[in-house]
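**Q** build me a model from this:
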Amino acid sequence: MARSQVISRGWRADPRRVSPPDLHAFVTPGVVQWRDPRRKATVRVNQELSWLHFNRRVLDQTRRRDFPVMERVRFLSIWASNLDEFFAARISRPFLEQRGTASYQALLREARAQVDAAGETYRTFLDALEEHAIRVVPVSSLSREELDYFGAFLAEQVAPRTDVLRAEAVREIRTEALYFATGIGVIEHLVRLPASLPRLIEIPGREGTFVRLGELLRVRSDLFLEGRDLELHELRVIRLAAIDQLGLDWEDLPAALETRLDGRPSHLEVEKNFPDHWAESIRIALGLEADEVFRVEPPIDLRMVSTLVDHAPAALKFRPLRPWMVPGFAADPFAHVARKDVVLFHPYQGYDAVEDFARAAARDPRVSAVRATLYRVGDDNVLAESLIEAARAGKDVAVLLEARARFDELQNLEWSLRFQNSGVRVLPLPTRKVHAKAIWVKRGSREFVHLGTGNYNTSNARLYTDFSLFTADRQLTGDVKLFFDALEHGRPPRMTHLRTGGAIRKLLLERVAAEGHPGGHVILKFNHVTDPKVLAALARAAGAGARVDLIARTTLTEIAPGVHARSIVGRFLEHARVAAFRDGGNWQVHAGSLDAMPRNFDGRYELFFPVNDPAARSMVLGELRAQLGDDVNAFQLLEDGAEVPHWDGRHNAQRPDGHRQLAQPRPRR
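**A** Residues are numbered from 1 along each chain as shown. Alright, predicted model coming up:
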């Protein structure tokens, strides 16, 4: 059987992820629920399994015929990074509370099936990339001169940065690092490959041809083992990365990050031919169960294929997106927003407008004060730099920089120091995590705000879909000021027109209940939908005859009869969060930073804002309807856990040139 046939007929011959006969294996007190059509009762499926199904959809993108080949390879790398995150963070609760249960074993079975499928996908790509003169070749194909060069390369560039550890150090294996075990009869040493070096090395003079660094080590183990020529066997460990964030403030963060280095091992990967007794001794030393050890056909860690993507010619990738820019906005954002609201859908309509707004706040002499929230800042951030510029210009600048953004804590700690040393006040962290996205600017006697659904991250803003609202509406600007004042003084925010915390859930429940009749229509778009009260409200509305459309990118907890659910996975990561209610034909639309999860309602400060202008509402509704009609990037999610891909159609909601028209709100009187 050809490899392409394996991909199409193997793990996706039947699109069902969880067939009804197997549902009993996933019964758990967790959150995710599917309805078994043979039962009247609700069958519960844990939330983590639903997340793994999303990552399977990511892996599915490697088979898309409408994607350039290197973009399909890129999705293999994305899938691998996601799975590492799963074992580092998302599996934490089941690992600590449910090991040995049927639901936990189901997670491992699904993860193992994906690992096997990804390995086969990688080998299929090796054949496909030959047509484009991109190759990953075995060491055995290298010439004598090339072997001599790589011997010198290993001695000069790799060996000085490689750690050779005694076998007793097995309990201290670092998370996600690539190791090799070696010895005679028993494990004598562990060789740790430096993370600073790429796993794929391009062969000099053979453009597009690569060799695995791990394979090079195998043929020159003498360089690392004091002249001994021994076999090397690959392994990798993932550790839980969660830190205790309750009550954490800036002074506590460095010590908390240090403790993460000692997280418990949750996952062990060894190469397929790894000696059985060696694997068993490592498993026992790490405190893992047998089913938490995956045997993998080399290479281990498919994140390495991102190197192939980075080096590939542009013709094998998506054409760069050229976003539509608001004419004249960069020159004077405040004049635009003073006249009328501006609503944009990124990345199709340029995120540059957000950065232009921030720059103008820093440089306009009439601006006296700026407030902002920051969550995942990144290395290069125009908004953050603009806050520093504004403070150095003598303006009153304060930022709520969320220290507890998972996996971004160290970078945010660095930004905190940069802010403080530049005169930006870093607000104290409240007990609740702040996930809201807002900028408030005081300019003369007017106030201006930006509200968004996505992080103020320059890189992600060009890859994620998100909505932006710029407004000088006094009701909204006043509420945003109240929000920042409350955070600065350690009070719970209380607002009139914006919603945060449990008030968002209350609004959703009221709006959904009002649509609970045959003429009602609810459209919700979130990354995760797991809140039992919201799901129960949707079920009641659908049962009363309303049309209920749910676009859930990642995790969905229950699909009641009558609820139409789908997931959009494509070139851009769907990230916008929107709720729309027909309201007798006078559509009400809200957007914000949150997902419909208990943690967002009960444990975070989010902001959920109304889209008041009729033209802006029409634009947002148009984007929602386009996604409901998408038959290029969509997966239909059915009540019994089945997923049906809708590909190869004509309606592509992510078509780069399909979002040029800007909402034209009415001028403000």
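
**Q** so what does I238 look like in phi/psi?
**A** Dihedral pair for I238: phi -110, psi 130, per degrees, to the nearest 10.

**Q** so who does T182 touch?
**A** For T182, the contact set (C-beta atoms under 8 Å, 6 or more residues apart in numbering) comprises 188-191, 221, 225, 230-233. All C-beta atoms are positioned from the backbone trio N, CA, C, and that covers glycine.

**Q** would you mind measuring from I187 to E488?
**A** 56 Å (C-beta to C-beta, to the nearest Å).

**Q** within the helices and strands, which one has S567?
**A** In this structure, S567 is located in strand 563-568 according to DSSP states H and E.

**Q** show the subsequent helix or strand relative to that strand.
**A** The first helix or strand that comes after strand 563-568 along the chain, using DSSP H and E, is strand 573-574.

**Q** which residues are in contact with that next one?
**A** Strand 573-574 is contacted from outside by 463-465, 525, 527, 551, 553, 568, 627, using C-beta under 8 Å, 6+ apart.

**Q** and the next element down the chain from that strand?
**A** Past strand 573-574, further along toward the C-terminus, the next helix or strand under DSSP H and E is strand 577-581.

**Q** going by neighbour count, list what's buried in that next one.
**A** Within strand 577-581, the residues that count as buried by 16 or more other C-beta atoms under 10 Å are 577-581.

**Q** out of the contacts of strand 573-574, which end up buried?
**A** 464-465, 525, 527, 551, 553, 568, 627.

**Q** out of the residues you listed, which sit inside helices?
**A** Those of the buried ones among the contacts of strand 573-574 mapping onto helices are Q627, per DSSP state H.

**Q** now the buried ones among the contacts of strand 573-574 as a markdown table including distance to V512 and pLDDT?
**A** Shown next, in a markdown table, are the buried ones among the contacts of strand 573-574 (distance: C-beta to C-beta, whole Å; pLDDT from 0 to 100):
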| residue | distance to V512 | pLDDT |
| --- | --- | --- |
| Y464 | 26 | 96 |
| T465 | 24 | 97 |
| K525 | 14 | 98 |
| N527 | 19 | 97 |
| I551 | 15 | 98 |
| R553 | 20 | 95 |
| I568 | 22 | 98 |
| Q627 | 19 | 97 |
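
**Q** between the buried ones among the contacts of strand 573-574, which sits nearest R443?
**A** Within the set of the buried ones among the contacts of strand 573-574, Y464 lies nearest R443; the separation is 28.7 Å, counting by C-beta to C-beta.

**Q** does that closest one touch F572 like I think?
**A** Yes: taking contact to mean C-beta atoms under 8 Å, the distance of 6.6 Å between Y464 and F572 places them in contact.

**Q** tell me, what's touching these two both at once?
**A** Where contact means C-beta under 8 Å, 6+ apart, the residues bridging Y464 and F572 through contact with each are P347.

**Q** so this structure: which segments form each domain?
**A** What automatic domain parsing lists as the domains of the chain is 1-66+82-111, 132-318, 333-488, 502-658.

**Q** buried ones from the contacts of T182, can you make that a PyMOL selection?
**A** Isolation of the buried members of the contacts of T182 (16+ other C-beta under 10 Å) is achieved in PyMOL through the command below:
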select buried, resi 189+190+191+221+225+230+232+233
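
**Q** now, which of the contacts of T182 lie within strands?
**A** Using DSSP state E, the members of the contacts of T182 that fall within strands are 189-191, 233.

**Q** any chance of these in JSON lines with pLDDT and distance to G263 as columns?
**A** Conversion of these to JSON lines gives the following (pLDDT from 0 to 100; distance: C-beta to C-beta, whole Å):
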{"residue": "H189", "pLDDT": "95", "distance to G263": "24"}
{"residue": "L190", "pLDDT": "95", "distance to G263": "19"}
{"residue": "V191", "pLDDT": "95", "distance to G263": "22"}
{"residue": "H233", "pLDDT": "96", "distance to G263": "24"}
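
**Q** next, format these as JSON lines and append distance to D127.
**A** What follows is these, written out as JSON lines (distance: C-beta to C-beta, whole Å):
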{"residue": "H189", "distance to D127": "36"}
{"residue": "L190", "distance to D127": "34"}
{"residue": "V191", "distance to D127": "31"}
{"residue": "H233", "distance to D127": "26"}
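
**Q** thank you kindly, that will do.
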